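> Here is my input; please provide its structure:
(one chain, ligands or ions: 1)
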Amino acid sequence: MAFNDESAEKRKSARLAILELANMISVPMSLNAVVRLNVADAIWQGGSNTPLSASQILQRIASTGSDPENLQRILRMLTSYGVFEEHLTNESSPLDGSASERKYSLTEIGKTLVTDAEGLSYAPYVLQHHQDALMKAWPLVHEAVLDPTTEAFVKANGEPAYDYYGKQEEMNELMLKAMSGVSVPFMKAMLDGYDGFKGVERLVDVGGSAGDCLRMILKKYPGVRHGINFDLPEVVAKAPNIPDNECKLIMENCYKALPEGGKLIACEPVLPKDSDDSHRTRALLEGDIFVMTIYRAKGKHRTEEEFTQLGQSVGFSHFRAFHVDYFYTVLEFQK
Ligand SMILES: C[S@@+](CC[C@H](N)C(=O)[O-])C[C@H]1O[C@@H](n2cnc3c(N)ncnc32)[C@H](O)[C@@H]1O
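You can find the predicted model right below:
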């Protein structure tokens, strides 16, 4: 009897879990919605972070005719993912007549969407990931299994992502802003916890985007006399499509270009060995599917062991990993 009860409970939990998974698209799409609506800046208001009702938020961001109840539904759901904190007041709700009105402030996660003094935040990254061209690729994830020669993005849009971005000024600008928003906070953590740029005189940032990382390194290490941002649009446009060995080829090219004792420093999402349900593992595995779908069907995130082997296979004699951040790991390959 107890055994049956237990399996019935397990089946109930399983039904709940599969429904949660099946409806999960509501999460990123609602996150995208609050970014589009600029909710984080409206609540933050220069640092006040005063809890606001959906109606109060809308007064700050939208024209008449907008719907506070629908905004509240989105805020409630994202509260369950830790983006907002919900405060129940003693006043009754004008929206649904319930005894308390719901108000929302930003959690630490929510604050990542607030535009900082340098004009940066994670908001452009959220927008970048949910643009129409990228969204068109997502229903084709299974194609990466059936036919990995071409990534889903190309199947959906007819050309590789960086070629596509390069032809559309708005997409290109959003990509640059998205990268700056993610890389600048990471670089601050990296420069605090990693001193491997000491003694470096020539530094090439391969795929350096808007040049933020290089700029920050040069500022902290004036000894770096030559800093090169290797991210020319024509190079990107002409880059050949060589899926699985591309990472190895890039590393080989770096190895050949480096003097004896020179270093290749890569900041990469590094996959854990175990497939547990921690936020870190999930974020890294989700990023891996993103790469597979948008950039290269066989482009991927790797484990530390795989990086070690890759480094050895192209000739690097020393490898060290520095865990200065949760998402990106600093990988140092020395010739
Ligand atoms: C994910 S972004 C990373 C940007 C930057 N490293 C950062 O952390 O902010 C990848 C960058 O690689 C560049 N890229 C893509 N293909 C490239 C190629 N074949 N040669 C040089 N850069 C390339 C893109 O233009 C983009 O700026």
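> For the ligand, what is the nearest residue in the stretch 201-335 of the chain?
Using CB to the nearest ligand atom, Gly207 is the residue of the stretch 201-335 of the chain that sits closest to the ligand, at 2.7 Å. Placement of C-beta: from N, CA and C, glycine included.
> so what's that residue scoring on pLDDT?
pLDDT for Gly207: 90.
> Mind jotting down where the helices sit in the stretch 1-150 of the chain?
Applying DSSP state H, counting those that start in this stretch to the stretch 1-150 of the chain gives helices spanning 2-22, 26-36, 39-44, 54-61, 68-79, 108-111, 123-129, 132-137, 143-146.
> Same list, these, but as JSON lines with mean pLDDT, mean neighbour count and distance to Asp163 please.
Shown next, in JSON lines, are these (pLDDT from 0 to 100; neighbours: other CB atoms under 10 Å; distance: least, CB to CB, whole Å):
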{"stretch": "helix 2-22", "mean pLDDT": "89", "mean neighbour count": "9", "distance to Asp163": "33"}
{"stretch": "helix 26-36", "mean pLDDT": "97", "mean neighbour count": "17", "distance to Asp163": "24"}
{"stretch": "helix 39-44", "mean pLDDT": "98", "mean neighbour count": "22", "distance to Asp163": "32"}
{"stretch": "helix 54-61", "mean pLDDT": "96", "mean neighbour count": "18", "distance to Asp163": "35"}
{"stretch": "helix 68-79", "mean pLDDT": "95", "mean neighbour count": "18", "distance to Asp163": "34"}
{"stretch": "helix 108-111", "mean pLDDT": "98", "mean neighbour count": "16", "distance to Asp163": "33"}
{"stretch": "helix 123-129", "mean pLDDT": "98", "mean neighbour count": "20", "distance to Asp163": "16"}
{"stretch": "helix 132-137", "mean pLDDT": "98", "mean neighbour count": "16", "distance to Asp163": "11"}
{"stretch": "helix 143-146", "mean pLDDT": "95", "mean neighbour count": "14", "distance to Asp163": "19"}
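> Would you mind saying which of the ones you listed lies nearest the ligand?
helix 123-129 (10.0 Å).
> Quick check: which helices or strands does that closest one pack against?
Other helices and strands packing on helix 123-129, by 3 or more CB pairs under 8 Å, 6 or more residues apart in numbering; DSSP states H and E, are helix 26-36, helix 169-193.
> can you do 10 Å?
helix 26-36, helix 39-44, helix 169-193 (3 or more CB pairs under 10 Å, 6 or more residues apart in numbering; DSSP states H and E).
> any chance of these in JSON lines, with distance to Ala123 too?
Formatted as JSON lines, the helices and strands packed on helix 123-129 follow (distance: least, CB to CB, whole Å):
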{"stretch": "helix 26-36", "distance to Ala123": "5"}
{"stretch": "helix 39-44", "distance to Ala123": "7"}
{"stretch": "helix 169-193", "distance to Ala123": "7"}
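> In TSV, list the ones you listed along with distance to the ligand.
TSV is the format used below for these (distance: least, CB to the nearest ligand atom, whole Å):
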stretch	distance to the ligand
helix 26-36	18
helix 39-44	21
helix 169-193	3
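> For Met135, which of those is the nearest?
helix 26-36 (9.4 Å; CB to CB).
> Any idea how far that closest one is from the middle of the chain?
Helix 26-36 sits 14 Å away from the centroid of its parent chain (CA atoms, centre = their mean, to the nearest Å).
> what angle separates that helix from helix 2-22?
Relative orientation of helix 26-36 versus helix 2-22 (axes from the mean of the first three to the mean of the last three CA atoms, to 10 degrees): 40 degrees.
> Show residues contacting helix 26-36.
The contact list for helix 26-36, computed with CB atoms under 10 Å, 6 or more residues apart in numbering, reads 20, 39-43, 57, 61, 70-71, 73-78, 80-81, 83-84, 110, 113, 121-127, 129-131, 135, 286.
> Name the nearest residue to Lys177, ignoring sequence neighbours.
Spatial nearest neighbour of Lys177, excluding adjacent residues (CB to CB, 6 or more residues apart in numbering): Pro124 at 4.0 Å.
> scratch that, Glu86 is what I was asking about
Leaving out its chain neighbours, the residue that sits closest to Glu86 by CB to CB, 6+ apart is Thr79, at 4.7 Å.
> Does the one you found touch Leu88 like I think?
No: look at Thr79 against Leu88 with CB atoms under 10 Å: they stay out of range, at 11.3 Å.
> Verify the contact between Ala152 and Trp138 for me.
Yes: counting by CB under 10 Å, Ala152 does reach Trp138; the two are 7.3 Å apart.
> what touches both of the two?
293-294.
> more crowded one of those two?
Neighbour totals were compared for Ala152 and Trp138, and Ala152 leads with 23 against 16 (other CB atoms under 10 Å).
> The residue nearest to Lys177 contacts Val184, doesn't it?
No: Pro124 is beyond contact range of Val184, at 11.8 Å (criterion: CB under 10 Å).
> And for the residue positioned nearest the centre of the chain, nearest residue in space, chain neighbours not counted?
For the chain, the residue nearest the mean C-alpha position is Tyr125 (6.5 Å; CA atoms, centre = their mean). The shortest distance from Tyr125 to any non-neighbouring residue, by CB to CB, 6+ apart, is to Ala178 (4.2 Å).
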